[in-house]
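1. Output the structure for:
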Amino acid sequence: MSKIKPYKNSDLGKKEQVTKMFDTISGDYDGLNRVISFGIDIKWRKKVVHIIKETNPETILDIATGTGDLAIALTKTNATKIIGLDISIGMLEIGIEKIKRQGLDNKIEMVLGDSENMPFEDNTFDAITVGFGVRNFETLENGLKEILRVLKPGGCFVILETSMPTKTPYKQGYNFYTKNILPVIGRLFSKDKSAYKYLCESASVFPYGEALNNILRKIGFISVEDFPQTFGVATIYVSSK
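-> Take a look at the predicted model:
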């Protein structure tokens with residue numbers, strides 16, 4: 001498997017580099033996401049919410065919550081408590097302001113924390129989600145083990161992550177877009193010129209489909225399924241404990 005190039009030439013580890021990157025681009029993040037995905041990411045999040053809602057959770061943890069888009073959408077599940085966890089204070093600050101504007105302070109709590117060493121007891125949450133975040137874990141297996149630890153037995157775990165289309169012509173179109181168009185958009189509209197280059201490269205080498213399913217099973221998740229979205233440019237993974 002190809003190695004992901006570091007976000008910047010730095011002596012910092014991946015975790016510190018990713019944190020710095022998201023702190024830097026936090027103000028641009030929501031707008032750029034809408035442009036880059038043509039707004040389809042909203043539809044994908046709605047599907048995640050539907051899957052979680054079917055399990056009737058009382059407590060939900062949204063890991064790598066960023067500016068809180070998925071955490072806010074998850075209020076539609078009628079869960080009594082939603083916690084958004086992220087390692088970037090810059091992203092959380094944007095999210096906190098969005099939550100306040102929508103009057104959801106009493107339902108969503110934003111927590112600064114590391115997904116690979118979470119400040120929660122074992123078997124705490126009925127459902128856990130990660131939207132476009134698992135590929136940024138410093139060590140994927142460690143992050144997934146932590147998720148399994150804090151998920152209640154029988155609880156639902158849903159990942160929404162980018163993936164690679166496998167069918168022609170979608171595969172070729174996706175490759176052209178991510179290698180040639182997306183980095184240009186990032187350079188034009190983001191203060192950080194290397195951030196979206198890193199995000200493209202990390203998506204291109206991250207395991208997807210059955211490869212990620214097998215990692216989830218190896219960690220100990222059960223009932224693992226994947227559901228490709230929009231010709232395979234993203235995938236929803238559903239599993240339980």
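2. so which strand or helix has N33?
-> Using DSSP states H and E, N33 maps to helix 14-37.
3. same thing with V184?
-> Per DSSP H and E: helix 182-189 holds V184.
4. Would you mind giving the orientation angle of that helix with respect to helix 14-37?
-> 90 degrees (axes from the mean of the first three to the mean of the last three CA atoms, to 10 degrees).
5. tell me how far helix 182-189 is from the chain's mean position?
-> Offset of helix 182-189 from its chain centre (CA atoms, centre = their mean, to the nearest Å): 20 Å.
6. And the helices in this protein?
-> Along the chain, counting by DSSP state H, helices occupy 14-37, 40-53, 69-73, 89-101, 140-150, 170-176, 182-189, 195-205, 210-219.
7. Which elements pack onto the last one?
-> When you say that, I think you mean helix 210-219. On a contact count with 3 or more CB pairs under 8 Å, 6 or more residues apart in numbering; DSSP states H and E, helix 210-219 meets helix 140-150, strand 222-229, strand 234-240. Any C-beta I mention is one placed from the backbone N, CA and C, and that applies to glycine too.
8. Just give the closest residue to P207, not the sequence neighbours.
-> Setting aside the residues directly before and after it, P207 is nearest to I215 in space (CB to CB, 6 or more residues apart in numbering), at 6.4 Å.
9. Can you read off the backbone torsions of the closest residue to D114 other than its chain neighbours?
-> Of all residues not flanking D114 in the chain, I87 sits nearest, at 5.6 Å (CB to CB, 6+ apart). Backbone torsions of I87, given as degrees, to the nearest 10, read phi -90, psi -10.
10. I'd say I87 and L112 touch.
-> Yes - taking CB atoms under 8 Å as the definition, I87 is a contact partner of L112 at 7.2 Å.
11. where's the nearest residue to A127 once chain neighbours are set aside relative to N106, distance?
-> Using CB to CB, 6+ apart and skipping residues adjacent in sequence, the residue nearest A127 is P57, 4.0 Å away. P57 sits 17 Å away from N106, going by CB to CB, to the nearest Å.
12. These two: which has the busier surroundings?
-> P57 (23 against 8; other CB atoms under 10 Å).
13. Next, that one: phi, psi?
-> Dihedral angles (degrees, to the nearest 10) for P57: phi -80, psi 150.
14. so who does it touch?
-> By CB atoms under 8 Å, 6 or more residues apart in numbering, the contact list for P57 reads T77, A79, F125, D126, A127, G155, C156.
15. what do you get for I159?
-> Residues in contact with I159 (CB under 8 Å, 6+ apart) are T129, V130, G131, V134, L212, I236, Y237.
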